[in-house]
Structures are given as C-alpha cells and as structure tokens.
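*Asks:* please work out how this folds:
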Amino acid sequence: MQNIDQSDRFVSIIEANKAIIYKVANSYCHNTEDRKDLVQEIIIQLWKSFATYDDQYKYSTWMYRIALNVAISFYRKEVSRKKISDPLTDSIIRFTDTDDTDDSLPELKLLRHLISQLPDLDKALMLLYLEEKSHKEIAQIIGISETNVATKINRIKNSFKQKFNTYKTT
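*Replies:* This next block holds a predicted model:
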C-alpha cells in the first residue's frame, strides 16, 4: 500500500513540475526524438532518487538538480556515439511536449542560439537564471557557491550584451 501511495505522490509531483523537465530537455536537445529520450531518462532518474528526496529542498530544486545532471550526461553521450534507433514508443511518455518559447522574435532566436553555444555548466546557469531562480537556489542546484553563480551570470550577461550589440549593428 505504501508503494502505491509513493507512486501516486511521485506522479503528482512530476505532473505539477513537468515544465522543468521539458525546459531542461529543450535546452539540451534540439532533435524531437532525443528530447523524448532525455525526458524519459530524467523521469527514470527522478524515480530512482525519489525515496531519498531531502525535504529541506523544494521539489523544483531537487528536480532541476537531477534533470540538469542527467541532461549533461545524456548530451555528452549523444555527442560521443553514433545514433542508434530506439524501439521505445511514444506511449511510454504521456506528457505533452510543452515548448513555451516564441521564436518569432529575432532577438529571442539569437538568445536561444547563444545559450545553446554555452558550455554545459553555463547553459544550466542561464536556464535557471531565466527561470528567475535565486542565486542561492541556483547554487544549491548546480553545486557551486552563490558568489560563483553571480560572477558567472554577470560574465555571461556581459558577453551576451556584446554579441547583441554586434547583432544590432550588422
């Protein structure tokens, strides 16, 4: 009975926070099939660590931390190996792919492109920054100091400002 309660609780937490999973997957995978695979892997890893969830953290912090770690590992594996067809079906993942971005604005397209070009840690930082997470929460998720978070974000923002200014003058 306890296992059923735990399963129901897990599903409700995932449903309530599924946008986190899709934002991370969309940030690290541009191919639809890869995104589906990554979403599935994130959910599997969330389930595996659910029993050891530390309630001193918000569910969103816990989910971001796992999702980003899985995404970085997944991305590195995909880059280093050939594409292999996967016999899994769409029915395994029952969530709808919620990509809430509007790429009709050239500035937004440029921002997404610049973020996609960042190293893994910086990409994760910007994803969390754009989600309006506090420096403290970003530090907990990424596993670096708040000062380091602030420094890295400022450097990335300054770099982006220069690139946007170059874009506007061309």
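*Asks:* which strand or helix spans residue 163?
*Replies:* Residue 163 belongs to helix 146-169 when assigned by DSSP states H and E.
*Asks:* ok, residue 10 next?
*Replies:* With elements taken from DSSP H and E, the one containing residue 10 is helix 2-28.
*Asks:* what separates residue 120 from residue 70, distance-wise?
*Replies:* The gap separating residue 120 from residue 70 is 12 Å, by Cβ to Cβ, to the nearest Å. Where you see a C-beta, it was placed from the backbone N, CA and C, and this is true even at glycine.
*Asks:* okay, the two: which has more neighbours?
*Replies:* residue 70 (22 against 15; other Cβ atoms under 10 Å).
*Asks:* look up the pLDDT of that one for me, please.
*Replies:* Listed pLDDT for residue 70 reads 92.
*Asks:* tell me if I'm right that it and residue 43 touch.
*Replies:* No - using Cβ atoms under 8 Å, residue 70 and residue 43 do not qualify as a contacting pair, with a distance of 9.4 Å.
*Asks:* still on that earlier bit, for the helix holding residue 10, buried residues please.
*Replies:* Neighbour-count burial for helix 2-28, counted by 16 or more other Cβ atoms under 10 Å, picks out 10, 13-14, 17-18, 20-28.
*Asks:* ok, so of those, who is nearest residue 164?
*Replies:* Closest to residue 164 out of the buried residues of helix 2-28 is residue 27 (19.2 Å), distances taken as Cβ to Cβ.
*Asks:* just checking, that closest one touches residue 125?
*Replies:* No - with contacts counted by Cβ under 8 Å, residue 27 stays clear of residue 125, the gap being 11.2 Å.
*Asks:* now find how far off-centre the helix holding residue 163 is within its chain.
*Replies:* 20 Å (Cα atoms, centre = their mean, to the nearest Å).
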